[in-house]
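> everything below, folded, please.
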Amino acid sequence: MTAKYPSVRRRAQASALTLSFLLAFGATPAAAEEAPAKDAGAGAAVAVAAAGAVDAADQADGDVNRGDVIIVTARRRQETAQEVPVAISVIRGDSIEATGNFNVVKLQQLAPTLQVYTSNPRNTSVNIRGLGVPFGLTSDGFEQGVGIYVDDVYNSRVAAATFDFLDVEQVEVLRGPQGTLYGKNTTAGAINITTNQPTFDFEGRAEVSVGNLNYRQAKAAVSGPLSETIAARIAIAATSRRGTLYNVTSDRWINEQDNLGLRGQLLFKPNDDLSITLAGDYSKQDPECCGTTYVRVGRTQRALTRQYDALVAAVNAANPGRNYAVPSTNPYARLTDLDASLNAGNKIGGVSARVKWDVGPGTLTSITAWRFWDWKPENDRDFTGLSIVSKSQNPSQQDQYSQEFRYNYEGDRVDFVVGLFGFKQRIDTQGTEQQGADASKWSLTGALADDPSVLNGLTATNTQYLKSTSAALFGQLSWKVTDALTIQPGARVNYDKKSGFYQRVVTNGAGNVISCTPTPAAGSVLAAQCGIYQPQISAPSDSAWNFTYDFNVNYKVARDVLAYATYAKSFKTLGINQNGLPLNADNTVNYDASTVKPESINHFEVGLKTQFLDRRATFNLSAFRTDIKNFQATVNGGQFGTVRGYLANADKVRTQGIEADLKLVASDRFTAYANGAYTDAKYKKFTNAPCPPELSGGTLQPSNATPDYSQPGVPGALSPRQCDISGQRLPGVSKWAFSYGAEANAPVTLLAKEGQIYLGVDGNYRSTWNSNASPSIYTEVKGYALTNFRIGFRSEGFDIFGWVRNAFDVNYIDLLQVAPGNTGLIAGQVGDPQTWGGTVKFSF
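Reported below is the predicted structural model:
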């Protein structure tokens with residue numbers, strides 16, 4: 001059966017994707033779930049696929065004449081996307097390139113239920129249907145809810161989402177729990193990236209793009225035989241672009257792009273039954289990034305004299321001749337005045353060995369991998385041009401090792417996959433945060449506020465590490481009860497162990513180590529310093545076994561109508577707090593908060609997949625509900641006058657919604673797609689949540705009190721607060737999200753070359769969402785719609801086109817952040833302005 005797939009794929013791509021010279025990803029733009037018709041340049045960018053008890057090879061042969069077949073590996077075997085029994089968005093490499101979505105962060109413009117937010121590579125959240133990681137918290141001690149896989153290798157560091165795709169063939173976004181087919185258990189979904197593989201036919205591709213903002217991008221790849229049994233492939237990609245935010249302090253554009261990636265593969269195929277692929281990759285980024293701009297100021301619960309505007313006035317009054325003000329109160333002026341050094345140095349890479357051996361009726365696969373991540377940041381954590389926090393950096397080094405064994409069996413009535421997975425990683429972090437010359441006036445009161453030396457130079461240095469080990473046995477059975485009915489149960493047994501170490505040492509401006517025990521006298525210099533940073537040491541450790549399972553039933557209602565239903569009992573493994581622990585009332589460390597319970601997940605999903613108009617059109621529909629107990633979230637504790645965030649459990653969270661996808665291949669000359677999602681994600685019960693900024697900085701909020709988000713409240717003393725946010729929406733999730741696109745082409749002869757001239761459009765819309773862990777009236781991000789156009793000419797082996805992205809120059813916000821200290825300052829990162837340029841691709 002599977003032997004037919006490579007030829008099917010080659011026939012379906014023969015004209016549009018002729019071997020191009022790398023990451024060009026072919027000449028066709030905006031291709032969709034399935035490949036374009038032979039001479040058609042576009043297809044749908046994304047479509048949802050459900051399962052089917054239909055023979056993949058027969059379907060492929062029937063569909064290829066219409067040019068709409070695509071092969072996926074979502075179920076760890078090659079099959080058409082129509083057969084996969086989960087909601088899956090499949091995005092072709094040529095679509096990624098044509099639409100300019102060259103990493104996972106930008107991919108959300110094509111996949112409506114994918115949400116990706118990043119303030120820097122380490123502070124990146126990848127969520128699906130509103131679930132994945134706690135919003136606004138960076139900690140090495142919890143697992144990612146969305147797994148990122150590249151050629152079957154799990155990438156544990158979410159920073160991988162910010163790197164450019166490197167020689168990618170296609171990306172599959174699987175929605176819902178993935179534990180019985182994938183090595184690493186993930187509760188929200190998986191992003192399965194497949195790269196182009198070495199070939200025994202010599203081929204190459206190259207691409208160059210230039211645009212405004214000094215945008216430059218070059219990509220190249222070459223593949224071919226070294227002998228009759230050995231083939232090699234090497235790819236390179238580089239991207240650079242001027243920043244989009246101008247720093248008036250440094251007279252430089254910041255938040256730039258600077259990416260370089262290399263990937264090499266060696267294939268040994270002594271016979272048709274055995275293949276061994278060795279792969280290595282290395283990517284680095286070194287941009288001046290990631291800064292914020294002033295967005296707004298909101299009223300908090302602090303006394304009026306302790307809020308942003310009054311504090312700025314106090315700093316100015318303490319410094320005669322100084323008249324500090326932000327360069328602009330309009331974030332879309334794209335101006336900032338950050339005074340601390342900025343950097344987002346970031347390296348990632350690794351090596352892997354994948355062995356596939358056909359043994360009788362099945363295939364045995366082994367994937368062995370080592371990966372690393374090196375992070376060297378510099379940040380401005382006060383979000384202003386004042387010297388409040390003069391230094392903030394937490395460089396990290398990570399190593400991970402993984403081994404997966406998997407056996408796939410395919411029979412007439414029964415198929416199954418069974419696997420073993422082992423994973424081990426260590427992360428070391430050396431952090432430094434230092435107070436600046438304006439910190440005393442900003443953070444203290446009374447006479448101490450008038451003495452800059454109290455806090456100037458106060459430094460917290462932390463050393464930490466995390467050791468994580470996990471092992472799993474997993475499998476899934478597919479039983480074709482009849483030609484129409486298929487039943488698929490799956491199960492997983494998982495073991496996780498985590499141990500960590502955290503030590504914070506605090507020194508004053510003179511470089512002397514300070515101690516905060518016994519409790520210093522109120523009003524003393526030491527008490528003021530301990531209210532900012534306090535020494536601490538902890539060594540959390542825990543382990544847990546988990547058993548999970550899923551059950552899927554799919555039924556072929558008619559030849560082109562498939563219905564399915566899925567139930568999954570899943571989990572997200574335990575977490576440990578790696579960024580310090582909260583304090584008890586007696587000022588001792590609360591070691592009970594060092595570990596976090598696993599999440600318990602019940603997931604329900606139904607779906608319908610249809611094809612019509614002689615299979616030139618598809619309409620897919622899915623509905624889901626996910627209930628989570630012990631949701632891992634951010635809560636607040638107290639450390640004198642400061643508010644600290646750490647990881648803890650919220651009682652209940654629920655997300656539910658409906659997703660629809662429509663694709664039309666009207667003819668070889670016109671294709672179109674439209675995808676939409678409605679997502680209702682809420683905290684069902686969260687009584688000890690961090691308060692939003694409008695309710696922060698005052699007296700303790702009773703646990704049974706529900707905040708009125710429409711009122712600023714009554715100012716009170718600065719102290720930690722908790723709020724009951726039960727019923728509030730999860731952060732980062734738009735209720736409505738859509739993507740769409742279309743392309744038309746016409747045959748033409750240009751410079752004696754026969755080809756096509758084409759015009760394409762794609763766009764996306766996201767409704768309002770909130771950018772704070774606890775929804776706030778100050779961090780609400782308005783909905784926006786982006787539209788992109790392209791026009792070009794292509795012929796066999798050549799493609800040239802011009803493009804404009806965010807064509808109508810829409811102003812929108814990528815992310816909002818609440819400045820520390822409850823002063824009411826809201827900073828943010830604005831989305832890209834209108835960009836335009838041109839791309840030339842060659843292939844042979």
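
> quick check: G828 touching A819?
No. G828 is beyond contact range of A819, at 10.6 Å (criterion: CB atoms under 8 Å). Bear in mind the C-beta positions are built from the backbone N, C-alpha and C, glycine included.

> ramachandran angles for R766?
phi -130, psi 130 (degrees, to the nearest 10).

> contacting residues for it?
By CB atoms under 8 Å, 6 or more residues apart in numbering, the residues touching R766 are 734, 736-737, 783-784.

> which SSE is Q817 in?
Per DSSP states H and E: Q817 is located in strand 813-818.

> pull the residues that contact that strand.
117-119, 136, 292, 295, 331, 383, 693, 771-772, 776, 778-779, 781-782, 825-831.

> the helix or strand just after it versus strand 813-818: what angle between them?
Sequence order places strand 825-830 as the next helix or strand after strand 813-818, per DSSP H and E. Counting by axes from the mean of the first three to the mean of the last three CA atoms, to 10 degrees, strand 825-830 lies at 160 degrees to strand 813-818.

> in strand 825-830, what's buried?
825-830 (16 or more other CB atoms under 10 Å).

> what average pLDDT does it get?
Throughout strand 825-830, pLDDT has a mean value of 96.

> moving C-terminal of that strand, what's the next helix or strand?
Following strand 825-830 in sequence, per DSSP H and E, is strand 835-843.

> what is that following strand packed up against?
strand 203-211, strand 798-805 (3 or more CB pairs under 8 Å, 6 or more residues apart in numbering; DSSP states H and E).

> tell me which residue is most central in the chain.
Nearest residue to the geometric centre of the chain (CA atoms, centre = their mean): V126, 2.7 Å.

> list the contacts for the residue nearest to it when sequence neighbours are not counted?
Closest residue in space to V126, ignoring its immediate chain neighbours: V146 at 4.6 Å, by CB to CB, 6 or more residues apart in numbering. Going by CB under 8 Å, 6+ apart, V146 touches 126-128, 132-133, 186, 188-191.

> ok, so of the residues you listed, who is nearest G575?
The closest of those to G575 turns out to be V133 (CB to CB; 10.4 Å).

> and that closest one, that's in a strand?
No. V133: not assigned to a strand; according to DSSP: H, G, I helix; E, B strand; the rest coil it is coil.

> show the contacting residues for the residue nearest to it when sequence neighbours are not counted.
Excluding the flanking residues, the one nearest V133 by CB to CB, 6+ apart is S125, at 5.1 Å. Taking CB under 8 Å, 6+ apart as the contact definition, S125 lies against 115-118, 132-133, 135, 158, 732.

> beta partners of S125?
Y117 (DSSP bridges).

> what pLDDT does the model give it?
85.

> now V589
74.

> which residues does it form a beta bridge with?
What pairs with V589, by the bridge criterion (DSSP bridges), is L583.

> do the same with I813
Bridge pairing for I813 - DSSP bridges - gives V830.

> ok, so what distance separates it from N103?
To N103, I813 is 19 Å away according to CB to CB, to the nearest Å.

> pull out the buried positions in stretch 484-495.
Neighbour count says stretch 484-495 has 486, 488-492, 494 buried, by 16+ other CB under 10 Å.

> repeat for stretch 396-411
In stretch 396-411, counting by 16+ other CB under 10 Å, buried: 396-398, 400, 402, 404-410.

> out of the contacts of S125, who's the most crowded?
Q115 (27 neighbours; other CB atoms under 10 Å).

> rewinding a little: now render the contacts of V146 as TSV, adding distance to L245.
As requested, the contacts of V146 are exported to TSV (distance: CB to CB, whole Å):
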residue	distance to L245
V126	23
N127	25
I128	29
G132	27
V133	25
T186	33
A188	31
G189	32
A190	33
I191	28
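
> circling back: pick the one among the buried residues of stretch 484-495 closest to T671.
Using CB to CB, the buried residues of stretch 484-495 come closest to T671 at T486, 30.4 Å.

> name the element that closest one belongs to?
Going by DSSP H and E, T486 is part of strand 485-507.

> repeat that for V653.
strand 642-667.

> partner strands of that strand, with direction?
Here, using DSSP bridges, strand 642-667 pairs with strand 617-639 (antiparallel), strand 670-685 (antiparallel).

> how far off centre is it?
12 Å (CA atoms, centre = their mean, to the nearest Å).

> would you mark the buried spots in it?
Buried residues in strand 642-667 (16+ other CB under 10 Å): 642-657, 659-665.

> next secondary structure after the one helix or strand T566 maps to?
Under the criterion of DSSP H and E, T566 resides in strand 561-572. Downstream of strand 561-572, the first helix or strand assigned by DSSP H and E is strand 575-576.

> who does the next helix-or-strand element following that following strand pair up with?
As assigned by DSSP H and E, the chain's next helix or strand after strand 575-576 is strand 595-596. Using DSSP bridges, strand 595-596 pairs in its sheet with strand 575-576 (antiparallel).

> and the strand holding T566, which strands flank it?
Here, using DSSP bridges, strand 561-572 pairs with strand 541-558 (antiparallel), strand 599-612 (antiparallel).

> among those strands, which is nearest R175?
Nearest of those (CB to CB): strand 599-612, 8.4 Å.

> centre of the chain versus that closest one, how much separation?
That offset, for strand 599-612, works out to 22 Å (CA atoms, centre = their mean).

> V248: neighbour count?
14.

> cool, S524 as well?
Around S524 there are 12 residues (other CB under 10 Å).

> could you turn the buried ones of the contacts of R766 into a PyMOL selection?
Command for PyMOL that selects the buried part of the contacts of R766, burial taken from 16+ other CB under 10 Å:
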select buried, resi 734+737+784
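
> okay but S275 is in contact with L267, surely?
Yes. The criterion here is CB under 8 Å, and S275 meets it with L267 at 6.4 Å.

> about what we covered before: so which of the strands paired with strand 561-572 comes closest to N688?
Using CB to CB, these put strand 599-612 closest to N688, at 16.8 Å.

> endpoints of stretch 186-203, how far apart?
37 Å (CA to CA, to the nearest Å).

> residue ranges with poor pLDDT in the stretch 501-650 of the chain?
Scanning the stretch 501-650 of the chain for pLDDT under 70 picks out 584-588, 636-645.

> hang on, the earlier thing: would you mind giving the buried residues of stretch 396-411 as JSON lines with distance to N508 added?
Listed next are the buried residues of stretch 396-411 as JSON lines, based on distance: CB to CB, whole Å:
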{"residue": "S396", "distance to N508": "26"}
{"residue": "Q397", "distance to N508": "29"}
{"residue": "Q398", "distance to N508": "32"}
{"residue": "Q400", "distance to N508": "38"}
{"residue": "S402", "distance to N508": "44"}
{"residue": "E404", "distance to N508": "50"}
{"residue": "F405", "distance to N508": "55"}
{"residue": "R406", "distance to N508": "56"}
{"residue": "Y407", "distance to N508": "61"}
{"residue": "N408", "distance to N508": "62"}
{"residue": "Y409", "distance to N508": "66"}
{"residue": "E410", "distance to N508": "68"}
